[in-house]
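In: sequence plus the predicted model coming up.
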Amino acid sequence: MIKGDVLFRQNEPASGIYRVVSGCVTLQRTGPDGNVMTLHRAIAGGLFAEASVFSAVYHCDALCSESGSVIKIAKSDIFAAMKPTPDFSEGFTRLLAIQVQHYRAHIELLAIASAKDRVMAAVQAGYFDATVTELATRITLTHEACYRALRALCDDGRRSEQGVVSMPCHSHQMSHKPTPTTTS
């Protein structure tokens, strides 16, 4: 798959789940207002579209955001493995439960009213692993508001109550892939 490829679109029949071998796949949904929201970024080793196992259709678009490869696992294969293999069923259920916990934490992050505080929390949670535009879609801010918040954090010395967040503070660096880290 190459950057820009579409693996599936919202409302297409759900036929299976995917594992990212290399590259990155972004799950996105476009709201009624036309704004795009990133629901999930699957990187090498990660799964996506797991909820489709129990759904007739996909609930979002899956776009290749970095060239790579994926493996598709058919719904019928998953159901066939669940029946005779309780360990597989338990592992799959555990995976889904962990994802629910992550999504709840994400909802808490989105509830942060201040753009600057939301961006800071997102950086600390490891969300800033692509472009500013990608980060903005993940935390439901405009890319302009996200950029301003990042700039303010840089201007403030990148300080938080938890410590210092290291991020690129030069305009040309913010448009590329940063590698943020959190230190105490």
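Out: Everything's here; your move. Small disclaimer: the values here were computed from a predicted structure and weren't measured.

In: going forward, measure contacts and count neighbours with C-alpha atoms only.
Out: Noted.

In: so what does residue 137 look like in phi/psi?
Out: When read as degrees, to the nearest 10, the backbone of residue 137 gives phi -70, psi -30.

In: now do the contacts for residue 147.
Out: residue 132 (C-alpha atoms under 8 Å, 6 or more residues apart in numbering).

In: state the helix or strand in which it lies.
Out: helix 143-155 (DSSP states H and E).

In: that helix - what's its average pLDDT?
Out: For helix 143-155, mean pLDDT rounds to 88.

In: what does the longest helix anywhere in the chain contact?
Out: Secondary structure of the chain per DSSP state H: the longest helix is helix 86-110. The list of residues contacting helix 86-110 from outside it, by C-alpha under 8 Å, 6+ apart, reads 50, 81, 82, 83, 118, 121, 122, 139, 140.

In: starting at the chain centroid, how far to that helix?
Out: With C-alpha atoms, centre = their mean, to the nearest Å as the basis, helix 86-110 stands 14 Å off its chain's centre.

In: quick one on the thing from earlier: which one of the contacts of helix 86-110 has the most neighbours?
Out: Highest neighbour count within these, by other C-alpha atoms under 10 Å: residue 139, with 24 neighbours.

In: ok, it touching residue 121?
Out: No: with contact defined as C-alpha atoms under 8 Å, residue 139 does not reach residue 121; the gap is 9.9 Å.

In: ok, which pair from the contacts of helix 86-110 is furthest apart?
Out: Farthest pair in the contacts of helix 86-110 (C-alpha to C-alpha) is 83 and 118. Separation: 42.9 Å.

In: okay, now residue 11: neighbour count?
Out: If you count neighbours by other C-alpha under 10 Å, residue 11 ends up with 12.

In: how about it, secondary structure?
Out: Three-state call for residue 11 (DSSP: H, G, I helix; E, B strand; the rest coil): coil.

In: ok, back up a step: which positions in the helix holding residue 147 come out as buried?
Out: Neighbour-count burial for helix 143-155 flags 143, 146, 147, 149, 150, 151, 153, 154 (criterion: 16 or more other C-alpha atoms under 10 Å).
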